[in-house]
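Trainee: A structural model of the following input is requested.
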Amino acid sequence: MPIVNRIADYAKDMTTWRQHLHTIPELGLDLPETAAFVAARLREFGVDELHEGIAQTGMVAIINGQGDGPTIGLRADMDALPITEATGLDYASQNHGKMHACGHDGHTTMLLGAARYLAETRNFKGRVALIFQPAEEGGGGGEVMVQEGIMERFDISQVFAIHNSPGFEFATFHSNAGAMMAAADTIHIRIQGKGGHGAHPSICADPVVAACGIVQAIQTIASRNLDRDEQLVISVTQIHTGTVDNVIPDTAYINGTVRTFDKSVQAMVVKRLHEIVAGQAASYGVTAELEFEYGYPPTINDATRAEFAAEVAREVVGAPQVDDNMPSVMGAEDFAYLLEARPGAYLFLGQGEGASLHHPEYNFNDEVAPVGASFFARLVERAQPLNVVAD
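Mentor: The predicted structure follows:
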């Protein structure tokens, strides 16, 4: 089946909602205007319960179906990025330095569209919990909502989410039955040396040379400690040191990101980083301290739920439009915390060509919103169907 007809009927409304949200981007956990707009729409739709103030500005809306049954969770993120918009749109950001450059305005709109349909039709058993989450772009709003007990409080048995994907063909779904996205950890290395005149390095302990040695040695972790089928990325992204050409500085700072899918690989990286930092520091006569900052865990789909979600996607867009064997990607996503708490699946939804995510010229494609809303709606109806006859 294609897009749900009723959802197609209010596609124009969805465009209006999305473009309004695009004008009012907010960051992190502090989304008062965004949350107020979402809450107002949910009340208009007639949801049965609306629980606000979770993770500061997050909320969970409950829609009751017909008869007893489990509760399925659907999640959308609501926050924006600290980027200055360069689209030139007539509905561009009105909040300077903030922009919906990742399409969370579209994710919120798709879940609102599904909410409106589900509240009208209630063609399912049990309940649906609509999770509107702040602080996906750093801040771990998903983790906060889990820690505040949404899974237990609302008795959520499984949970699903989708993310738009520019560059993928319009109205295509992409997922897999395992690791979708990587863990994202951060390394901080602080080197203490002994500065002095650039003309007299022999009486100094040069942190610049030590930093170069450490960075070079870090590059061997992946190439000399893993088999080819194990996935790891370590990227050093910052080195800060020095002020002028003729002064050897006292200190240097190294920063970077580590992306893994497996906890044993992550543990190996931590061990080797400590060994490399200590060994290189000793060899250059400096001291160095490593801080390994654990970030979002890997986003791991439950195989059964991922297969089910792909079946639903095929109903909505057709089998040729669904790739259920997508390779893992090294980006990260805090929906991972929800998947650690409950089984579920995460999918990408293609929105056609356009600027990439996190780019100042990015814009969500409003034409794909009814597709995402239809997927969410059919997911609920298929997961918790009415009038099922027992064998």
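Trainee: Check which helices and strands the helix or strand hosting residue 221 sits against.
Mentor: Counting by DSSP states H and E, the element that carries residue 221 is helix 220-225. Other elements packing on helix 220-225 under the criterion 3 or more CB pairs under 8 Å, 6 or more residues apart in numbering; DSSP states H and E are strand 232-241, helix 263-284. Every residue, glycine included, has its C-beta placed from N, CA and C.
Trainee: and those as JSON lines, adding distance to residue 9?
Mentor: Converted to JSON lines, the helices and strands packed on helix 220-225 look like this (distance: least, CB to CB, whole Å):
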{"stretch": "strand 232-241", "distance to residue 9": "45"}
{"stretch": "helix 263-284", "distance to residue 9": "47"}
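Trainee: out of these, nearest to residue 71?
Mentor: helix 263-284 (29.4 Å; CB to CB).
Trainee: Now do the buried residues in that closest one.
Mentor: 265-266, 268-270, 272-273, 276-277, 280-281, 284 (16 or more other CB atoms under 10 Å).
Trainee: same question, stretch 30-40
Mentor: Result for stretch 30-40 [16+ other CB under 10 Å]: buried residues 31, 34-35, 37-39.
Trainee: How about residues contacting it?
Mentor: 17, 20-21, 24-26, 50, 52, 56-59, 78-79, 108, 112, 132, 134 (CB atoms under 8 Å, 6 or more residues apart in numbering).
Trainee: Apply the buried test to those and list what passes.
Mentor: By neighbour count, with 16+ other CB under 10 Å, these hold 17, 21, 24-26, 52, 56-59, 78-79, 108, 112, 132, 134 as buried.
Trainee: which one of those residues sits closest to residue 169?
Mentor: Of all the buried ones among the contacts of stretch 30-40, residue 169 sits closest to residue 108, with 23.3 Å by CB to CB.
Trainee: which SSE is that closest one in?
Mentor: Per DSSP H and E: helix 104-121 holds residue 108.
Trainee: Neighbouring strands - and their directions - for the helix or strand just after that helix?
Mentor: Heading C-terminal from helix 104-121, the first helix or strand you meet, by DSSP H and E, is strand 127-133. Paired neighbours of strand 127-133 in the sheet (DSSP bridges): strand 58-64 (antiparallel), strand 71-77 (parallel).
Trainee: Let me see the backbone angles for the most centrally placed residue in the chain.
Mentor: Of all residues in the chain, the one closest to the mean position by CA atoms, centre = their mean is residue 333, 2.6 Å from it. Backbone geometry at residue 333, expressed as degrees, to the nearest 10, gives phi -160, psi 130.
Trainee: what about it, distance to residue 327?
Mentor: From residue 333 over to residue 327 the distance is 15 Å, taken as CB to CB, to the nearest Å.
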